[in-house]
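J.: Below are the sequence and a predicted model for it; my questions follow.
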Amino acid sequence: MRRTTHGGTRQDGPGDEDEGGTRHDTGGLSRRGFAVAAAGALAGSLAAGDTAAAARTAPVRAAGPGPVLGRWPGGDAHEMRGMWLATVDNRDWPSEAGLSPDAQRRELTASLDAAADRRLNTVFFQARPTADALWPSPHEPWSEWLTGEQGRDPGWDPLDFVVREARRRKLEVEAWFNPYRIALHDDPGRLVAGHPAREHPEWAVRYGGQLYYNPGLPEVRRFVQDAMLHAVERYDVAGVHWDDYFYPYPVLGEVFDDGAAYREHRGDFPDLASWRRHNIDTLVREMSARVHRAKPWVRFGVSPFGVWRNEETDPAGSATRAGVQTYDDLYADSRKWVREGWLDYVTPQLYWHLGFPAADYAELTRWWSRTVRGTRARLHIGEGLYKAGDRAQPAPWQDPAELSRHLTHCRDLREVRGHVFFSAKEVAEDRAGAMARVVRDHYERRSAPAGR
């Protein structure tokens, strides 16, 4: 069964490992279609008066042109309640490429309405899924997921629209970017003429049937930062958000061909793995500094795969037996980023149920709580809402109360400052009633966005 993660190709929602302890295949997304009608049906299940009261309360702005930092009467202060809205392969929005601008706007508005009706406060909008853009970018082409043709102007600006419409609903928007993925295929000839990867073929690496920028090239690192920072400088986004994709997830029998870059840029690093981790560390550190120089009030955070390392590999790791370890397999030292102060928040993707033997949700929330303790990073937990009611998942996910139990568990962990749900389609559709249960049990009142 193919899934992609929050990054885009594996349940384009945060990285996920199946409940058998092995990684899902990293193929393209297959499930399409966003049920807009579900958003309207959902509104009646919540207290209409609560939304109306929020609408009457004017937001309080931060000093300078920053994001909304509103407070709602009787609301909980600064708790993250977010959802990922994935655009890659039309996972959440738009439901299909080539819809008219009006139809796309209607669908996007319905998704924002669903978030507001669920009393969420933040939308992580995937603005750069595959080395492209959902805004008019001078660096990269228009995304094919809008029109079906990469580089074709859709006739409107989705990122501008989502920021403005979210503000009307007292929602913040974080711009979600994938730093290095170029395409869900491995043929540079299919990229639009003038694409940076065609202009600089030495930047691209074929791996696992997809194309990636080479993280080991300093010029690539600078380019992808510039491409993302354009959106930060142009739009009033509340944050810059990266998912779990850095170096790609390992594919059996394949080699990521960065040998030439390693020979040229390895410096004093003793081995390839150390050099690769340094490349990603440098990307994170530099991007953090550049975001905060451009707009000090904008958050910068990452939603890494949930297991840094198993304790069997490293005594500092978690008591897990995960088949993927982000430090070793993606060369992403997420623990270091927290401890070095490079992140304003971290949102580990903990898509497993309570008591799952290989990667217990309770164990991992405690491990991440210890990891952020004493640092400046806020801890938000990434929740696998998409698993609720999926008959391919084990019994705990058939219980609509499983996710609510996650939030109840986290009440005893003072470092946990909120939750983010994967993803927007499930927030609206809520096939098993799991999201409604979370709202009933935990989101009785509205909450201000998380802030920095």
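T.: Okay, I see it. Residues are numbered from 1 along each chain as shown.
J.: The closest residue in space to Gln325 that isn't next to it in sequence: how many residues sit nearby?
T.: Distances taken as C-beta to C-beta, 6 or more residues apart in numbering place Arg309 nearest to Gln325, at 4.8 Å, with adjacent residues excluded. Every C-beta, even on glycine, is put in place using the N, C-alpha and C of the backbone. For Arg309, the neighbour count with other C-beta atoms under 10 Å is 21.
J.: same question, Val346
T.: 23.
J.: Now whichever strand or helix holds Arg405: buried residues?
T.: Assessed by DSSP states H and E, Arg405 sits inside helix 402-410. The neighbour-count check on helix 402-410 (16 or more other C-beta atoms under 10 Å) flags Glu402, Leu403, Ser404, Arg405, His406, Leu407, His409, Cys410 as buried.
J.: CSV for those, including distance to Leu354 and pLDDT?
T.: Listed next are the buried residues of helix 402-410 as CSV, based on distance: C-beta to C-beta, whole Å; pLDDT from 0 to 100:
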residue, distance to Leu354, pLDDT
Glu402, 7, 98
Leu403, 10, 98
Ser404, 11, 98
Arg405, 6, 98
His406, 7, 98
Leu407, 11, 98
His409, 7, 98
Cys410, 11, 98
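J.: Nearest the geometric middle of the protein, what residue?
T.: Residue closest to the average C-alpha location in the chain (C-alpha atoms, centre = their mean): Asp243, at 4.4 Å.
J.: Quick check: Val192 touching Gln150?
T.: Yes. Shown here, Val192 and Gln150 form a contact pair, counting by C-beta atoms under 8 Å, at 4.4 Å.
J.: overlap in contacts of these two?
T.: Pro141 (C-beta atoms under 8 Å, 6 or more residues apart in numbering).
J.: Tell me which of these two has more neighbours.
T.: The residue with more neighbours, out of Val192 and Gln150, is Gln150; 21 against 16, by other C-beta under 10 Å.
J.: Name the SS class of the residue in the chain sticking out farthest from the centre, please.
T.: Most distant residue from the mean C-alpha position of the chain: Asp268, 33.4 Å away (C-alpha atoms, centre = their mean). Here Asp268 is recorded as coil under DSSP: H, G, I helix; E, B strand; the rest coil.
J.: if we can go back for a sec, wait, the residue nearest to Gln325 touches Arg321, no?
T.: No. Arg309 is not in contact with Arg321 according to C-beta under 8 Å; the separation is 11.5 Å.
J.: Does Gln126 fall in a helix, a strand, or a coil region?
T.: Per three-state DSSP, Gln126 ends up strand.
J.: what's the burial count for it?
T.: Neighbours of Gln126 (other C-beta under 10 Å): 30.
J.: my guess is it meets Asp89, correct?
T.: No. In this structure Gln126 lies outside contact range of Asp89 using C-beta under 8 Å: 10.5 Å.
J.: Glu96: neighbour count?
T.: Around Glu96 there are 14 residues (other C-beta under 10 Å).
J.: leaving aside the residues next to it on the chain, what's closest to it?
T.: Glu96 sits nearest to Asn90 (C-beta to C-beta, 6+ apart), 5.7 Å away.
J.: Could you check how many residues crowd around that neighbour?
T.: Neighbours of Asn90 (other C-beta under 10 Å): 23.
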